[in-house]
Every structure is written in structure tokens, then in C-alpha cells.
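Build the 3D model from these lines:
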Amino acid sequence: MSLHLNDTYVAPFVAARELDAIRPQVEAAHTLLHGKNGPGNAFLGWLDLPRDYDKAEYARIKAAAARIQKSCAVFIVIGIGGSYLGARAVVEFLKSPLYNNLKKSTPDIYFSGCNISATNIQELLDLCEGRDVCINVISKSGTTTEPAVAFRVFRGMLEKKYGKEEAKKRIFVTTDRARGTLKHFADEAGYETFVVPDDVGGRFSVLSAVGLLPIAVSGVDIDELMAGANDAREALADPDLEKNDCYRYAALRNILLRKGKTTEILVGYEPFMQMFCEWWKQLYGESEGKDHKGLYPSSVIFSTDLHSLGQYIQDGMRTMFETVVAVRETGVHVPVPEDPANIDGLNFLAGKDLNYVNDMAKQGTLFAHVDGGVPNVLLELDDRTPRSLGYMIYFFEKACAISGYLLGVNPFDQPGVEAYKKNMFALLGKPGYEKEKAALEARLAGN
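Next up, the predicted model:
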């Protein structure tokens, strides 16, 4: 097992009887999930994906990644939400948030189509100037505004730079297996395509072609990533709360919610956790935030944020709890140097590993926040390897599904996402939205 739940710092806030009381509900949620009888059961492909993935496509992903590594210096990944967050989280967790600045034999990887920013698009175009470029557009339909606009821009850039025939060898499309605007366009244009599985929602798709192609391009061992996820699939199949840390985590967060803790803060102690936190926030926010229910998912990176949000967490409203991810072995060791003058008074740290100092900061913060009335769930990850990260990804995915069922929502839909799109389309004058456009313009005019 790569991830362990330590309940030492949440035990003062959750009595054993509360876990006993929720146990039958967890077992019922487990039965719904594995029996595939619960809400959203058409989107459970992620459940066995680490074992039952398409082996032929997986081999094509590896081959395409090798070609991309040889043919370009810049790889642009175009997608929004689950179409990019998972891949970016894995690359930064396992490689570095400074991946593009490292000396390496793999291309720089940039992400586009996750906003509608002219400045961001132009900056990426400028970065591509004079360098060989490949792109991977990821979209189930091909009509989502943000990635569709970015694809237009970068496709045009490639065709102008290389001509259509050469450009098509540099465009990789991850989309629906058979339907949709993007699939038809890709087939007509002759682009190589990969599949967004029909039964896997975007925020659960990192271990499919959606995430695996960019991850493989970065040089991450995707065999180990998938093996870790399968380790978790096998280890987290028992509904017993005493044996299943994933289910225990889901139970604890729901108990805390019912006791008035309405915000969950995911805490990392390494900068390489930042994008993983963003992936986690989408996973839980989009899965649970419906029917006016759900924990609000937030995140911090300590010790950095101890000097900003730390004050609020310590002394603010008691409506939150923290879930701390502690990586036991980062693989990097830097000792604190000795300073003969001891100007900063820190010679008592000389010779100590910065990992040890960071761990003591974590320990001190755990004590302080618990003493201040903030429950802390501590998740201890063995190391910073693809196998351990694959395990943690699956752990959070499955805990999210169980937790959503405990909450009484469909964890696999996202009806609220459509509201802004309808308004945006109407205001932009998309055909078929004339009535909505008139109504919104009247509101803008103050009528």
C-alpha cells in the first residue's frame, strides 16, 4: 500500500460511535458503486480502467509519445477541466512545476484552451516562434468554446508554418470514439486520434488517453502509473472501514460535514503538489457541489501559505477541516549549510536535511491547527514515484464516488456547468439563442 490514513489528528473531533453509525451507509454506497446501480452508473469505466484499459491504444499512446519527443521542442496540450488538469498535475508532481525550465530530452509542455485569454494565447504563440511544435487537442465534442478556439489558433499556426500535409503529422486528437464534430473533422483531416472513453467522465479521465499521452511525452513511466492505480483498485475493494483507508476518508469527511465543517482544505507541503490540488478541487467540487450540498474544496501549499492563509485557518471561523498529503520520501536531499557568522541564528539547523525541517513544520502545524479547533486528516504517501501517485489518484477518485453517494448526489454529472455557457453563447450571438440574447441584453441595460 502506498497511501496510509493517519487519523490521530481527526480523532478528537470524530467519536468511534460516529464511524460505527455511518458504517452501514458506506457499505450501501459500496454496493451501489460496485453493483453499478447508483446515480451516474453509465460513467463507471474509471473503476476498472487500471486493469481493463485498451491495450492496443495504450501501445499507440507510447508510440505517439516517442514520435512527439523526437519531432518537437514544444508540445501544446489543448483542453479544459479534466481534459488538462490531470495530465498537468502528474507532470508537475513527478517532474517539477519548473518542468519547462529543466534540462531534459523531452519537449516543453504548455497547456492552452483552459481559458479565453488573448494574452495567454499570444504568449504561447510567441514561445513557439522558431521552434518545432506538436499539439494535442482534447475534447469529447470539439465544440467547447475554450479548447475549440485554441485549436483554431494553433492549427492555423501549424498549417502556416509547415503546410497542411506536414501539420497533420503534428496534430494529435483525443476525442469521442465515433461521434462528434471533432472526431469527424479529425478523420477527414487525417489526424491520429485517441479515445475519450464513453463511460469515463472528464474529471476521472487522467488514466485514459486524455491524460496518458501528455504524461508519456513528459517522460513519466506510465506503466508504473497504471500499476499503482491497479494496486489501489485491488487494495480498496473491501467495504470494511477498518481495512479500507479510502472509505474511511470518505466517511470522515462526511461526518465532519454533518457536524458543520463546510470547507475541506487539501494541504501539500511541496510546491509540486500545487496542480494536484487543482485536479483534486475539480474532482470533488464538480462531483459533490450540487443540489445545494457538498463540501467546498480549497487548497494550500505549506509552509508558503502559512504566511497568508495560515492566520485564518488558525483563528478564523471553525467551518473547515484539513486533509494533509505528506510525501514521506521526495527523492531529493539538501542539507542546511553551516554559517560561521550565524547571522540568522539558524546554525542549530546546520547539517539537517531540509526534508526534516519541512516535516517538523508539518508536525508543528498539525498540533497548532488541531489545538485551534481544526480537524486534520493525515494521508501519508510513501514516495514521489509514478506507482505511488497512480495509487493516490485512484484513492481520491474512489473516495469521491463513495462520498458522493453518502451525500445523496450523483457524483458523475455536472448540470451546473451549462448555465454560464448558455449565457455566454446568447451574449455572443450564437444562432438559436436570440430570445436569451434579448433578455440578457435587457438586463445589461438595466431593464
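
Just list the residues touching residue 247, thanks.
26, 30, 236, 239-241, 399, 402 (Cβ atoms under 8 Å, 6 or more residues apart in numbering). To be clear about C-beta, it is placed using only N, CA and C from the backbone, and glycine gets the same treatment.

residue ranges of the strands in the stretch 51-200 of the chain, please?
With DSSP state E, counting those that start in this stretch, the ranges of strands along the stretch 51-200 of the chain come out as 74-78, 108-112, 133-138, 171-175, 192-195.

where does the chain have low pLDDT?
447 (pLDDT under 70).

any idea how it splits into domains?
3-37+226-407, 46-220 (automatic domain parsing).

circling back: can the contacts of residue 247 go into CSV with extra columns for distance to residue 113?
CSV is the format used below for the contacts of residue 247 (distance: Cβ to Cβ, whole Å):
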residue, distance to residue 113
26, 38
30, 37
236, 33
239, 39
240, 43
241, 41
399, 29
402, 32
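
Most widely separated two among these?
240 and 399 (15.0 Å; Cβ to Cβ).

hang on, isn't residue 186 packed against residue 180?
No: between residue 186 and residue 180 there is no contact under Cβ atoms under 8 Å: 9.5 Å.

out of those two, which sits in the busier spot?
Taking neighbours as other Cβ atoms under 10 Å, residue 186 and residue 180 compare with residue 186 leading, 23 against 17.

Scan the chain for its longest helix.
As assigned by DSSP state H, the longest helix anywhere in the chain is helix 386-407.

Go through stretch 311-328 and flag the buried ones.
By neighbour count on 16 or more other Cβ atoms under 10 Å, the buried set for stretch 311-328 is 313, 320-327.

Which ones among the residues you listed map onto strands?
Mapping the buried residues of stretch 311-328 onto strands (DSSP state E) picks out 320-327.

closest to residue 232 among these?
Using Cβ to Cβ, those come closest to residue 232 at residue 325, 14.7 Å.

Quick check: bridge partners of the closest one?
residue 268, residue 379 (DSSP bridges).

how far away is residue 254 from residue 171?
Distance from residue 254 to residue 171, counting by Cβ to Cβ, to the nearest Å: 44 Å.

That should have said residue 157, apologies.
The gap separating residue 157 from residue 171 is 11 Å, by Cβ to Cβ.

show me what contacts the closest residue to residue 261 other than its chain neighbours?
Excluding the flanking residues, the one nearest residue 261 by Cβ to Cβ, 6 or more residues apart in numbering is residue 321, at 4.7 Å. Residues in contact with residue 321 (Cβ under 8 Å, 6+ apart) are 10, 13, 253, 256, 261, 263-265, 374-377.

partner residues bridging residue 321?
The partner residues for residue 321, given DSSP bridges, come to residue 264.

do you know how far it is from residue 117?
34 Å.

contacting residues around stretch 325-344?
Contacts of stretch 325-344 (Cβ under 8 Å, 6+ apart): 266-270, 273, 276, 346-347, 349-355, 357, 359, 362, 378-385, 392.

do the same with stretch 395-402
3, 26, 29-30, 33, 46-47, 204, 232, 236, 245-247, 249-250, 280, 283-284, 287-288, 411-412.

Looking at those residues, which are in helices?
26, 29-30, 33, 232, 245-247, 249-250, 280, 283-284, 287-288.

Quick check: ChimeraX command selecting the buried ones in those.
Of the ones in helices among the contacts of stretch 395-402, the buried ones can be selected in ChimeraX as follows, counting by 16+ other Cβ under 10 Å:
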select :26,29,30,33,232,245,246,247,249,250,280,283,284,287,288
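
Which two among the ones in helices among the contacts of stretch 395-402 are spaced furthest apart?
Farthest pair in the ones in helices among the contacts of stretch 395-402 (Cβ to Cβ) is 30 and 280. Separation: 21.6 Å.

Whichever strand or helix holds residue 297 packs against which elements?
Taking DSSP states H and E as the definition, one finds residue 297 inside strand 296-301. Here strand 296-301 touches strand 263-268, helix 274-288, going by 3 or more Cβ pairs under 8 Å, 6 or more residues apart in numbering; DSSP states H and E.

what about residue 16, how many neighbours?
8.

let me redo that: residue 255
Using other Cβ under 10 Å as the criterion, the residues surrounding residue 255 number 20.

which residues sit in contact with it?
Counted by Cβ under 8 Å, 6+ apart, residue 255 has contacts 14, 18-19, 22.

Could you do residue 183 as well?
When contacts are counted by Cβ under 8 Å, 6+ apart, residue 183 touches 142, 173, 175-177, 193.

How about residue 222?
61-62, 212, 215-216, 386.

Which of these lies at the shortest distance from residue 124?
Nearest member of the contacts of residue 222 to residue 124, counting by Cβ to Cβ, is residue 215, at 19.8 Å.

measure the closest one to residue 41 for me?
For residue 215, the distance to residue 41 - Cβ to Cβ - is 28 Å.
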